[in-house]
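J.: What shape does this take:
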Amino acid sequence: MRHTRNFSHALHAVLLTAGLGLWAVSAAATDSDDAFIARTINSSTIPANGDINPYGVAFVPLDFPGGGTIAAGDVLVSNFNNGANLQGTGTTIISLTPRGPIAPPGTAVTFFAGSLPGLSTALGALRGGFVVVGNVPTSDGTVATIGQGAIEVIDRRGRLVQTWTDRTYLDGPWDLALDDRGTQASIFVSNVLNGTVARLDVAVGSKGVVLLHKTLIGAGYTHVPNAAALVLGPTGLAYDEDTDTLYVASTADNAVYAIPQARGRTQPAARGRVVFADEHLRGPLALRFAPNGHLLTANGDAVNADVLHPSEIVEFTVGGEFVREYDVDSSQGGAFGLDTLRDGPFDFAVIDDVTNSLSVSKSHDD
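T.: Numbers count the residues shown, from 1 in each chain. So this is what the prediction gives:
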């Protein structure tokens, strides 16, 4: 989301750099099994070209092949705005190695810089060695010039391999989830401009990703322009391979739905079954499974906003029971992208859209 800030970017940079310096000192200490302080890294998402408004967050999977500029356990972040803070104009994906150096503002490592603007929350890394990212572009930062967008396929060295466009199946790719089976995968994509969810069935090889089939599996989600967020519609997706269920966080509907038989479905469900829709939701955006099997969603504050509950990450069960929440930022609109990684040295990544920063932590110890 685009935010009106009451302080300068320079002050932001000074404060964030000071905070990052403290984390750098603490990171030098030896890890201990009986430590009280959680392992946490805070780093800027602003690269040298000044792109801001981080949206998508994705861990690189632990079995990702080597030989590239990113490695297993790294974290990727896609930027939606350019340095002038125009929505739908950012072109970069930055990378962070959690056990490596942190980045003060303006120094985040650029993994990919493309030509398609408005990189969205639709960001993921395939075990075969490729990164996929969606975009929802504008030419002037307003919904009046919003475009259809596409999905880009990028190799592990940050080079563009393929670009997919489709007026029906990729109409504003806003977020995605992966059912990654190695040489085969299903890429589930939420489309913010037509209120649908599509499944892209692909084959993954050493030289690229072949798009085999495109299917709409969900439809009827509310999708509307929004002054603060540019546009609202279906956003976060989380796939449960054990039950073949795709969960959908629909921002404008302020609810999380479940689509059954997601991998084999040939006709779109009418939104699906309501899983979670109570007072704790405030325009849910990103959606992921936590390692404990619960669902996590990021409240974007565009719906049901409450100044006493800003920028929240909400945890709930697949049965719809609220578990816990916490604030990413004391201002509204800070929570957007998040991701988790099962069995990783760090297993939780979340961005703060207000400070343009990424927090990566170990949420629990085995």
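
J.: Which stretches in the stretch 251-366 of the chain count as strands?
T.: With DSSP state E, counting those that start in this stretch, the ranges of strands along the stretch 251-366 of the chain come out as 255-259, 269-270, 273-276, 284-289, 295-299, 312-316, 322-327, 335-340, 348-352, 357-361.

J.: Looking at the ones you listed, which is nearest to residue 111?
T.: Nearest of those to residue 111, taken as CB to CB: strand 357-361 at 13.1 Å. Where you see a C-beta, it was placed from the backbone N, CA and C, and this is true even at glycine.

J.: What mean pLDDT does the closest one get?
T.: Mean pLDDT, strand 357-361: 97.

J.: How far away from the center of its chain is it?
T.: Relative to its chain's centre, strand 357-361 lies at 13 Å (CA atoms, centre = their mean, to the nearest Å).

J.: who are the neighbours in contact with the one residue sitting closest to the centre of the chain?
T.: By CA atoms, centre = their mean, the chain has its centre lying nearest to residue 56, at 2.8 Å. The contact partners of residue 56, taken as CB atoms under 8 Å, 6 or more residues apart in numbering, are 76-78, 119-123, 133, 175, 286, 337.

J.: could you redo the last one with a cut-off of 6 Å?
T.: 78, 121, 123, 337 (CB atoms under 6 Å, 6 or more residues apart in numbering).

J.: What segments of the stretch 101-250 of the chain are strands?
T.: 109-113, 119-126, 130-135, 150-155, 160-164, 173-180, 184-191, 196-204, 209-219, 224-226, 230-232, 234-240, 245-250.

J.: Identify the residue spatially nearest to the residue nearest to the centre of the chain, adjacent ones excluded.
T.: Nearest non-adjacent residue to residue 56, counting by CB to CB, 6 or more residues apart in numbering: residue 123, 3.1 Å away.

J.: right, and that neighbour touches residue 135 too?
T.: No. Counting by CB atoms under 6 Å, residue 123 sits too far from residue 135 to count as a contact (10.3 Å).

J.: Between those two, which has more neighbouring residues?
T.: residue 135 (28 against 23; other CB atoms under 10 Å).

J.: Surely residue 262 touches residue 243?
T.: No. Using CB under 6 Å, residue 262 and residue 243 do not qualify as a contacting pair, with a distance of 9.3 Å.

J.: re earlier: output the strands of the stretch 101-250 of the chain in JSON lines; the columns should cover mean pLDDT and distance to residue 99.
T.: Converted to JSON lines, the strands of the stretch 101-250 of the chain look like this (pLDDT from 0 to 100; distance: least, CB to CB, whole Å):
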{"stretch": "strand 109-113", "mean pLDDT": "98", "distance to residue 99": "14"}
{"stretch": "strand 119-126", "mean pLDDT": "98", "distance to residue 99": "18"}
{"stretch": "strand 130-135", "mean pLDDT": "98", "distance to residue 99": "20"}
{"stretch": "strand 150-155", "mean pLDDT": "98", "distance to residue 99": "23"}
{"stretch": "strand 160-164", "mean pLDDT": "98", "distance to residue 99": "28"}
{"stretch": "strand 173-180", "mean pLDDT": "98", "distance to residue 99": "24"}
{"stretch": "strand 184-191", "mean pLDDT": "98", "distance to residue 99": "28"}
{"stretch": "strand 196-204", "mean pLDDT": "98", "distance to residue 99": "27"}
{"stretch": "strand 209-219", "mean pLDDT": "98", "distance to residue 99": "29"}
{"stretch": "strand 224-226", "mean pLDDT": "95", "distance to residue 99": "38"}
{"stretch": "strand 230-232", "mean pLDDT": "96", "distance to residue 99": "35"}
{"stretch": "strand 234-240", "mean pLDDT": "98", "distance to residue 99": "27"}
{"stretch": "strand 245-250", "mean pLDDT": "98", "distance to residue 99": "31"}
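
J.: Just put those strands in a markdown table and tack on distance to residue 357.
T.: Output for the strands of the stretch 101-250 of the chain, formatted as a markdown table (distance: least, CB to CB, whole Å):
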| stretch | distance to residue 357 |
| --- | --- |
| strand 109-113 | 14 |
| strand 119-126 | 16 |
| strand 130-135 | 20 |
| strand 150-155 | 23 |
| strand 160-164 | 27 |
| strand 173-180 | 20 |
| strand 184-191 | 25 |
| strand 196-204 | 30 |
| strand 209-219 | 31 |
| strand 224-226 | 24 |
| strand 230-232 | 21 |
| strand 234-240 | 20 |
| strand 245-250 | 22 |
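
J.: Out of these, which is closest to residue 72?
T.: strand 119-126 (9.4 Å).

J.: Please determine how far residue 82 is located from residue 91.
T.: In this view, residue 82 and residue 91 are 7 Å apart by CB to CB, to the nearest Å.

J.: do the same with residue 139
T.: 13 Å.

J.: just residue 356 next, same as before
T.: 15 Å.

J.: just to revisit the earlier point, export the contacts of residue 56 to a markdown table and tack on distance to residue 305?
T.: Compiled in a markdown table, the contacts of residue 56 are given as follows (distance: CB to CB, whole Å):
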| residue | distance to residue 305 |
| --- | --- |
| 78 | 25 |
| 121 | 19 |
| 123 | 25 |
| 337 | 19 |
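
J.: Out of those, which comes closest to residue 67?
T.: Nearest to residue 67 among those, with distances taken as CB to CB, is residue 123, at 21.3 Å.

J.: now the closest one: how far from residue 78?
T.: From residue 123 to residue 78 the distance is 5 Å (CB to CB).

J.: what residues do those two have in common as contacts?
T.: With CB under 6 Å, 6+ apart as the test, residue 123 and residue 78 both reach 56, 133.
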